[in-house]
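Trainee: I need the structure of the sequence given here:
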Amino acid sequence: MLVLVAPGQGAQTPGFLTPWLELPGAADRIAAWSEAIGLDLAHYGTKADADEIRDTAVAQPLLVAAGLLSAAALGEVSPGIVAGHSVGEFTAAAFAGVLDDTAALRLVRTRGLAMAEAAAITETGMSALLGGDPEVTVPHLEKLGLTAANVNGAGQIVAAGTLEQLAALEADKPEGVRRVVALKVAGAFHTHHMAPAVAKLEEAAKELSPAAPATRYASNKDGQVVTDGAEVVARLVGQVANPVRWDLCMETFQALGATALIEVCPGGTLTGIAKRALPGVATVALKTPDDLDAARTLIAEHAAV
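Mentor: Residues are numbered from 1 along each chain as shown. The predicted structure is shown next:
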């Protein structure tokens, strides 16, 4: 069984979209999406520097657009389940047919702007913890006033909170944690700091007419398969201020018999976690179009018939 997944914020790097725009029809598709959401995706994906694409309002639609573009380049795909990490859930919702591509991008543009606004209220951030036991780490984070905003599996946890709280974490690491690495994000996502963004997203979501997923869709909230389109959208809205449970998504993949996993552009993060947490599952990360052939081979061997 094939799993198709989309990465979250922090996966972007300067110029990562450049080779994808050389594919037939790709530049036209990006131009149409750019016009629909009022953001020059081609500029930000090819010419912008790291600071420009770190901006939440830019990074989120850019990541979703890249994921959709790279998935389209694969051709016909029949995954057994789809999922996305954080903002990647919007990409996955489009994969599953809950939202069309333009609707997903418009909603994620609203999300990015609202989260950037919420992040500006207080100086906050996120840091990945390398090593350690979640049962020890999570209570330690709570003691420092931090939230375990991403529980990614394979022992990886991302802490989120104010810059002062993250500095305290650097000085007082949980037992077993080797390093604390600041992430390329502009706020404490998936925490109470993002509550103001939820209300704005709820309002925008009222304009949507979501369809039932045509492919199984696993939610970040609890890893469960969601079969109702309106429930998928409600979870997309709520997840802005709640922790990402990617560990539970991977448990679902495993329980359903996953044999292969493809991560759309800019791939690498989720395949890295899968290699540690899902031994025996073949993986391909779409970083450039050079990875498409390997992904198509995997699809031919593992996709649902």
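
Trainee: Show the pLDDT at Ala154.
Mentor: Looking at Ala154, its pLDDT is 80.

Trainee: Equivalent analysis for Ala171, please.
Mentor: Listed pLDDT for Ala171 reads 95.

Trainee: Let me know the distance separating it from Leu17.
Mentor: Taking Cβ to Cβ, to the nearest Å as the measure, Ala171 falls 38 Å from Leu17. In this view, the C-beta of every residue, glycine as well, is placed from N, C-alpha and C.

Trainee: neighbour-wise, which of the two wins?
Mentor: Under the neighbour definition other Cβ atoms under 10 Å, Ala171 and Leu17 were set side by side, and Leu17 has more, 27 against 8.

Trainee: Phi, psi for the closest residue to Gly45 other than its chain neighbours please.
Mentor: For Gly45, ignoring the flanking residues on the chain, the nearest one in space by Cβ to Cβ, 6 or more residues apart in numbering is Leu17 at 2.7 Å. Per-residue torsions, Leu17: phi -80, psi -20 (degrees, to the nearest 10).

Trainee: So Leu17 sits against His43, correct?
Mentor: No - look at Leu17 against His43 with Cβ atoms under 8 Å: they stay out of range, at 9.7 Å.

Trainee: gap between the residue nearest to Gly45 and Ala65?
Mentor: On the measure of Cβ to Cβ, Leu17 and Ala65 end up 8 Å apart.

Trainee: Okay, and Leu129 sits in which element?
Mentor: Assignment of secondary structure by DSSP states H and E places Leu129 within strand 124-131.

Trainee: buried residues in that strand?
Mentor: Applying a neighbour-count criterion of 16 or more other Cβ atoms under 10 Å, one finds Thr124, Gly125, Met126, Ser127, Ala128, Leu129 buried in strand 124-131.

Trainee: ok so, going back, can you pull the contacts of the residue nearest to Gly45?
Mentor: By Cβ atoms under 8 Å, 6 or more residues apart in numbering, the residues touching Leu17 are Ile30, Leu41, Ala42, Tyr44, Gly45, Thr46, Leu62, Ala65, Ala66, Leu69, Cys265.
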